[in-house]
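> Could you work out the structure for the sequence below:
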Amino acid sequence: MEEAFTYLDWNKYVKIDPKYFGLTEAEILVADPANAIKKLGWSPKIKFGDLLKIMMDVAMRAVGLEPVGEGDELLKERFLNK
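Down below sits the predicted model:
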């Protein structure tokens with residue numbers, strides 16, 4: 001979340017409603033791609049921060065907001081043929 005909201009001014013888009021808080025909320029989620037790299041020979045083609053920008057631009061557009069646009073530019077640069 002911290003990385004997502006360094007991409008845009010979250011105060012303009014987020015409203016906190018305590019009714020959605022729950023005891024099942026995970027405090028910390030950590031992913032480790034080491035097994036996929038080791039066992040499958042997989043390697044990421046895009047960094048997390050760049051993926052986040054792409055996803056944020058798509059999500060903003062989907063709800064009728066003007067996207068920041070960095071994610072759109074990354075798609076054009078890296079995936080020109082797709």
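> so residue 29, which of the three states?
With DSSP: H, G, I helix; E, B strand; the rest coil as the basis, residue 29 sits in coil.
> I'd like the distance between it and residue 1.
Separation of residue 29 from residue 1 (C-beta to C-beta, to the nearest Å): 10 Å. Just so you know, the C-beta spots here come from the backbone N, C-alpha and C atoms, and that holds for glycine as well.
> For this structure, give me the ranges with low pLDDT.
23-25, 81-82 (pLDDT under 70).
> So which residue is dead centre in it?
Centroid-nearest residue in the chain, with C-alpha atoms, centre = their mean: residue 52, separated by 2.5 Å.
> show me the contacts for that one.
Shown in contact with residue 52 (C-beta atoms under 8 Å, 6 or more residues apart in numbering): 3-4, 7, 71.
> top of those by neighbour count?
In terms of neighbours by other C-beta atoms under 10 Å, the contacts of residue 52 top out with residue 71 at 22 neighbours.
> Can you verify my assumption that that residue contacts residue 61?
No. Between residue 71 and residue 61 there is no contact under C-beta atoms under 8 Å: 9.7 Å.
> nearest to residue 21, of the contacts of residue 52?
The nearest member of the contacts of residue 52 to residue 21, counting by C-beta to C-beta, is residue 4 at 18.7 Å.
> from what I can see the closest one touches residue 56, true?
Yes. The pair residue 4 / residue 56 is scored as a contact, 6.2 Å apart, by C-beta under 8 Å.
> Please enumerate the shared neighbours of residue 71 and residue 61.
With C-beta under 8 Å, 6+ apart, residue 71 and residue 61 have no common neighbours.
> who's more crowded, residue 29 and residue 1?
More crowded of residue 29 and residue 1, by other C-beta under 10 Å: residue 1, with 8 against 5.
> mind listing what the more buried one touches?
Counting by C-beta under 8 Å, 6+ apart, residue 1 touches no other residue.
> mind checking how far it is from residue 67?
From residue 1 to residue 67 the distance is 18 Å (C-beta to C-beta).
> can you map out the strands along this structure?
With DSSP state E, there are no strands along the chain.
> Look up how far residue 57 lies from the residue lying farthest from the centre of it.
Distance to the chain centre peaks in the chain at residue 39, reaching 25.4 Å (criterion: C-alpha atoms, centre = their mean). Note on residue 39: its distance to residue 57, by C-beta to C-beta, is 32 Å.
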